[in-house]
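K.L.:
heads up, no residue letters with this:
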Ligand code: SF4
């Protein structure tokens, strides 16, 4: 999908938000994908396929109630952002300009609403927030998740100071694994490992 806005000063050494998400799922994903060059066969994964489908459709289903509920004064869709300073790049589903003068990322999830926010989703929003804040020189204090499988339920995610630390550290950890080529100690949970495409390689 073509970005509506593009801030594409792509840094020489950088990672994508997707790479950071893979690291957060399991650091060994980073090792297998980036150091050994063994791709994850995500085309076989139902949720990823459905996620892509939703991604393609979401502009059409994006509800007007956003403007009323959270005082959106402007928005941009599929915004590519890159930062040499943050060593990070990626596409944000939506960048929202809010009436209080702050900006916010909005991310669609092919998921049902849960009464908690997954750490990976929080960090994803934080990484987007860092890019948005730098690109538009404006404060970003919260993000939004839309749960497509719960009738587009909209959830606000206020950022805590430590969230930004966690997000920056994830970027640095991915770069460290790539540059050092060292096999990470940390492993996924038993449930993750049982469903992991790398389980036959991972000792
Ligand atoms: S098998 Fe487990 S530890 Fe190994 S890469 Fe997969 S999730 Fe991570």
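P.N.:
Sure, I can see it. As the structure is a computational prediction, the values presented were derived from the model and not from experiment.
K.L.:
wait, residue 124 sits on residue 22?
P.N.:
No. In this structure, residue 124 is not within contact of residue 22 by Cβ atoms under 8 Å, at 11.2 Å. For every residue, glycine as well, the C-beta is placed using N, CA and C.
K.L.:
Look at those two and report which has more neighbours.
P.N.:
Using other Cβ atoms under 10 Å, the more surrounded residue of residue 124 and residue 22 is residue 124, with 26 against 21.
K.L.:
how far does the helix or strand where that one lies sit from the chain's center?
P.N.:
Per DSSP states H and E, residue 124 falls inside helix 119-136. Between the centre of helix 119-136 and the centre of its chain there are 7 Å (Cα atoms, centre = their mean, to the nearest Å).
K.L.:
Likewise for stretch 187-203?
P.N.:
22 Å.
K.L.:
how long is it from one end to the other?
P.N.:
10 Å (Cα to Cα, to the nearest Å).
K.L.:
which of the residues in it are buried?
P.N.:
Buried residues in stretch 187-203, defined by neighbour count with 16 or more other Cβ atoms under 10 Å: 188, 196-198, 202.
K.L.:
before we move on, back to that, which parts of the helix holding residue 124 are buried?
P.N.:
Residues of helix 119-136 classed as buried by neighbour count (16+ other Cβ under 10 Å): 121-136.
K.L.:
Adding secondary structure and pLDDT as columns, could you present the buried residues of stretch 187-203 in CSV?
P.N.:
What follows is the buried residues of stretch 187-203, written out as CSV (DSSP: H, G, I helix; E, B strand; the rest coil; pLDDT from 0 to 100):
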residue, secondary structure, pLDDT
188, coil, 74
196, coil, 85
197, coil, 84
198, coil, 86
202, coil, 87
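K.L.:
Spatially, which two of those residues are the most separated?
P.N.:
188 and 197 (11.5 Å; Cβ to Cβ).
K.L.:
This structure: strands as residue ranges?
P.N.:
Ranges of strands in the chain, per DSSP state E, are 6-7, 15-16, 72-83, 88-98, 103-109, 142-147, 153-158.
K.L.:
Need those strands in JSON lines (columns: distance to residue 168).
P.N.:
JSON lines is the format used below for these (distance: least, Cβ to Cβ, whole Å):
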{"stretch": "strand 6-7", "distance to residue 168": "19"}
{"stretch": "strand 15-16", "distance to residue 168": "12"}
{"stretch": "strand 72-83", "distance to residue 168": "11"}
{"stretch": "strand 88-98", "distance to residue 168": "9"}
{"stretch": "strand 103-109", "distance to residue 168": "16"}
{"stretch": "strand 142-147", "distance to residue 168": "16"}
{"stretch": "strand 153-158", "distance to residue 168": "17"}
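K.L.:
list the contacts for the nearest residue to residue 81 once chain neighbours are set aside?
P.N.:
Leaving out its chain neighbours, the residue that sits closest to residue 81 by Cβ to Cβ, 6 or more residues apart in numbering is residue 131, at 3.9 Å. Each residue near residue 131 by Cβ atoms under 8 Å, 6 or more residues apart in numbering is listed here: 81-83, 86, 88-90, 92.
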